[in-house]
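Student: coords please:
(2 chains)
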Protein chains: 2
Amino acid sequence: MLPDTALLNHDRLHNLMADAELDVIVATSPENVTYMSGFWALPQWIRRGPQAYVLWPGPGHVEPEIITSSSTLDLLADQKIWVSNIRRFGSFHLDRDPDAALDPTTQRLVDQMGTPDNADGLAALVTGISEAGLASARIGIDEIGLLPGQMEKLREHLPEAKFTPAATLLRKVRAIKTPEEIARLARVADITECSIRAALKIAREGVSEIELARAFHARTVADDAVPVLGCIGFGERSALPNVQPSERKLARGDVIRFDVGGRYGHYRADIARIATFGEPRGDVRRYHRALLKGVERACELIRPGVRVSSIFEAAVETVRREGIAHYRRSHVGHGIGIDGYDAPALTATSDEVLEAGMVLCVETPYYELGRWGLQVEDMLVVRSDGAERLMATSGDLIEVEP
Amino acid sequence: MLPDTALLNHDRLHNLMADAELDVIVATSPENVTYMSGFWALPQWIRRGPQAYVLWPGPGHVEPEIITSSSTLDLLADQKIWVSNIRRFGSFHLDRDPDAALDPTTQRLVDQMGTPDNADGLAALVTGISEAGLASARIGIDEIGLLPGQMEKLREHLPEAKFTPAATLLRKVRAIKTPEEIARLARVADITECSIRAALKIAREGVSEIELARAFHARTVADDAVPVLGCIGFGERSALPNVQPSERKLARGDVIRFDVGGRYGHYRADIARIATFGEPRGDVRRYHRALLKGVERACELIRPGVRVSSIFEAAVETVRREGIAHYRRSHVGHGIGIDGYDAPALTATSDEVLEAGMVLCVETPYYELGRWGLQVEDMLVVRSDGAERLMATSGDLIEVEP
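Tutor: Purely as a prediction, here's the structure:
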């Protein structure tokens, strides 16, 4: 049994493994390693190359295990992890005070350093699979985190195994969030909304996009989140979809577009809000209202069993009817979780169907080059009776007094 | 001719390409794409999966080009980039105000959106290679950023080409920094030192590791850098190599270990400093002095032509002689740049030789479980006449008054 605070949707994993007739899944990407075990391996998250894995056999096999480098065992010993078997690789030297009583974290680290050392990550993975009696099993492997050539080596060392790519399956598992995941997503949504408010608090004539971004990120790190997405643009720059803060100064009448969100407890936010500095000019109010209506209409329709393509159509049709007749989009949102783009993608051509426990970003961005960009993006949970917004604020146009 | 502010060491790239008899190099990882072109493709940096490439033919061929998704062209139009040919892929809808005069960024974006659209990243790369007349060339491909299966598809679509992995070659190019890279590394080193100072400013009895980390990151984002590495540990937790800030409260006599550094202008810092809260206890002063002497000895010996293995031996021998007779390490530092672990690695077994323009982290960490961890880590540039430290502060033990 997993603890209540686990990120992994254990039942869904086992169901989808059974459907795919897999005996074992191997997580290799940072997102999937953390998701399946709780283990956050710093080197794997901040660079490409360092390897950590989770080996997760289906029911009836041995217990799951984490495979990681000896130099990361302290993180493992210090984190809330629900996989107790550990296999390490690589040498790493730690001294020890022979007279000291050890705290629990340090004791776990000492115990883990006492286990046998494997040569490297791939050797440890091959040994792990073999010792679990899975050398001729059907193995689903999260292909995203592997380095080029590693798949070939796995096939060479485990010639009887049947390997299948499993990144898509794990993405499907991750689509339905556990209560702990929803709690973290709610928290990071809240941090992001507070950060938007903190940024707008310093809005005045002549302040730069960079200065607003600084105020935004200051709030984010004060709440123990990590800055990730910080698109903040004024006036004509708000029409740049990925606008990175510049020295552009705020002027009366400017649109201020935020498409922003940090990471908290490894979980992502992605929220958009629009403010104007002074009274909105031209069509801003009417266009923004149409975009907001699009998001609101999508939210009304959201419930388990609904096809995401119908959400897409309803959102786009609503925006067109409510004031932007020429509105065009490739998607009106996406899932969000430990990855910023979880399943499903809210597109016209998707055959995915909403399920309870999905967490979605619903968005209707509109970029008019030379003029401005407007966007409403909310985060919500799909519940049995409809959408539960994770937002404290409405998507209304915010008017900042100059 | 590249601008003075380019990150790419153009001459070294061409020399190493000639040595390896390569006609063209393809960058695929976020670090190498930004390094070779100046182009920072947000989706590629924050997630695994999104693709962007730089195709860089050797002298005598066509001009280099950037290959990126249509949805990222605004970033390209808004950044200082020294590769002018662009090839885009994927559809992305942008509206345009027909009456507006366009600013230069928006005009570039409009121009680029007017170029032909390729189906996907791999198709664009195949077309780019073919149109450059390189379909039967010797192609060095940065294998790190490719997704599983992409290498096989490249071979299938370009059956006459001879592909060679090139991540190691690009790492070798990146080892010798340009003036712009050194300026950014100096800046991020300075931001990191200021952030350590800001964190120590709030050190008082009962403050937590998390609170110190908050003060650290607040300073980092105030200087427009992004938090990356934030290992901050008190007392027995300072012995955990990758210590992540916890609720552990500061007490009199505690060691405070920082192994920290953000990212500024895409460039990384990695610096370690030790403070004690109140007077150092036990062997802290003696051990710390030995570790500092090790770093200082390494710095004295650093100059072009010296083998890194001799730096390793000198540092370890000095630490042993100066007070930690049992000192053992696998490395005493590494290069740093757009990646946190650039070449060279300062190990006993490396055959690498120092060259002018390398930027190094030199470090002598010592982790004694149950007691404390001590570490000195400085950043420096290898100059023709020796090491030029990028540090404003010495590595001396810092004593914080309770």
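Student: Counting by contacts, list what the host helix or strand of A:C361 packs against.
Tutor: Element membership for A:C361, per DSSP states H and E: strand A:359-363. When contacts are defined as 3 or more CB pairs under 8 Å, 6 or more residues apart in numbering or on different chains; DSSP states H and E, strand A:359-363 sits against helix A:179-201, helix A:284-301, strand A:331-335, strand A:342-347, strand A:377-383. Where C-beta positions appear, they are placed from N, C-alpha and C, glycine not excepted.
Student: Relative to B:A298, which of those is closest?
Tutor: Smallest distance to B:A298 across the helices and strands packed on strand A:359-363 (CB to CB): 41.8 Å, for helix A:179-201.
Student: could you point out which element follows the closest one?
Tutor: Heading C-terminal from helix A:179-201 (DSSP H and E), you reach helix A:209-222.
Student: Tell me which helix or strand comes right after that following helix.
Tutor: In N-to-C order, the element after helix A:209-222 by DSSP H and E is strand A:226-234.
Student: so how far is the helix or strand that that next one is followed by from its chain's centroid?
Tutor: Scanning forward in sequence from strand A:226-234 by DSSP H and E, the next helix or strand is strand A:255-264. Offset of strand A:255-264 from its chain centre (CA atoms, centre = their mean, to the nearest Å): 15 Å.
Student: Verify the contact between A:E363 and A:V332 for me.
Tutor: Yes: between A:E363 and A:V332 a contact is recorded at 6.2 Å, counting by CB atoms under 8 Å.
Student: Overlap in contacts, those two.
Tutor: Counting by CB atoms under 8 Å, 6 or more residues apart in numbering or on different chains, A:E363 and A:V332 have no common neighbour.
Student: re earlier: out of the helices and strands packed on strand A:359-363, flag the one nearest B:V382.
Tutor: Among the helices and strands packed on strand A:359-363, the nearest to B:V382 by CB to CB is helix A:179-201 (40.7 Å).
Student: Find the centremost residue of chain A, please.
Tutor: By CA atoms, centre = their mean, chain A has its centre lying nearest to A:D339, at 2.3 Å.
Student: That one and B:E180, how far apart?
Tutor: 33 Å (CB to CB, to the nearest Å).
Student: Next, count neighbours for the closest residue to chain B within the stretch 51-200 of chain A.
Tutor: Nearest to chain B in the stretch 51-200 of chain A, going by CB to the nearest CB, is A:A100, at a distance of 2.9 Å. By other CB atoms under 10 Å in any protein chain shown, the residues close to A:A100 number 15.
Student: same question, the one 10 residues further on
Tutor: Each residue near A:V110 was counted by other CB under 10 Å, and the total is 16.
Student: So it: helix, strand or coil?
Tutor: helix (DSSP: H, G, I helix; E, B strand; the rest coil).
Student: List the contacts of it.
Tutor: By CB under 8 Å, 6+ apart, A:V110 lies in contact with A:R96, A:L102, B:L369.
Student: Name the member of these that has the highest neighbour count.
Tutor: Busiest of the contacts of A:V110 [other CB under 10 Å] is B:L369, holding 23 neighbours.
Student: ok, now how distant is that one from B:L291?
Tutor: Going from B:L369 to B:L291 by CB to CB gives 17 Å.
Student: repeat for A:S208
Tutor: According to CB to CB, A:S208 and B:L291 sit 43 Å apart.
Student: neighbour count winner among these two?
Tutor: B:L291 (28 against 15).
Student: give me every residue that touches that one.
Tutor: Contacts for B:L291 (CB under 8 Å, 6+ apart) come out as B:V319, B:I324, B:T364, B:P365, B:Y366, B:L374, B:Q375, B:V376.
Student: pretty sure the residue nearest to the centre of chain A contacts A:R174?
Tutor: Yes: with contact defined as CB under 8 Å, A:D339 counts as touching A:R174 (7.3 Å).
Student: Give me the common contacts of those two.
Tutor: A:E31.
Student: Confirm that A:V316 lies within a helix, as I assumed.
Tutor: Yes: the assignment for A:V316 by three-state DSSP puts it in a helix.
Student: Report how many residues lie close to it.
Tutor: 21.
Student: Now do the contacts for the closest residue to A:A269 other than its chain neighbours.
Tutor: For A:A269, ignoring the flanking residues on the chain, the nearest one in space by CB to CB, 6 or more residues apart in numbering or on different chains is A:G261 at 3.2 Å. Applying CB under 8 Å, 6+ apart to A:G261 gives the contacts A:V188, A:A189, A:T192, A:V228, A:L229, A:R268, A:A269, A:D270, A:I271, A:G340.
Student: got it, and A:E296?
Tutor: A:T318, A:G395.
Student: try it again with 10 Å
Tutor: Applying CB atoms under 10 Å, 6 or more residues apart in numbering or on different chains, we find A:E296 in contact with A:A315, A:T318, A:E322, A:V362, A:T364, A:V376, A:D378, A:A387, A:S394, A:G395.
Student: which one is the residue of chain A positioned farthest from its centre nearest to, not counting chain neighbours?
Tutor: Distance from the C-alpha centroid of chain A peaks at A:D99, with 43.9 Å (CA atoms, centre = their mean). With sequence-adjacent residues excluded and distances taken as CB to CB, 6+ apart, A:D99 is closest to B:G370, at 7.9 Å.
Student: who's in contact with A:A222?
Tutor: A:A222 sits next to A:I191, A:C194, A:S195, A:A198, B:R214, B:A215, B:H217, B:A218, B:V221 when contact means CB under 10 Å, 6+ apart.
Student: average pLDDT for stretch A:2-15?
Tutor: The average pLDDT within stretch A:2-15 is 94.
Student: what comes up buried for that stretch?
Tutor: A:A6, A:L7, A:L8, A:N9, A:R12, A:L13, A:H14 (16 or more other CB atoms under 10 Å in any protein chain shown).
Student: Would you format those residues as JSON lines with distance to A:G133 and secondary structure included?
Tutor: Formatted as JSON lines, those follow (distance: CB to CB, whole Å; DSSP: H, G, I helix; E, B strand; the rest coil):
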{"residue": "A:A6", "distance to A:G133": "25", "secondary structure": "coil"}
{"residue": "A:L7", "distance to A:G133": "27", "secondary structure": "coil"}
{"residue": "A:L8", "distance to A:G133": "23", "secondary structure": "coil"}
{"residue": "A:N9", "distance to A:G133": "26", "secondary structure": "coil"}
{"residue": "A:R12", "distance to A:G133": "25", "secondary structure": "helix"}
{"residue": "A:L13", "distance to A:G133": "20", "secondary structure": "helix"}
{"residue": "A:H14", "distance to A:G133": "18", "secondary structure": "helix"}
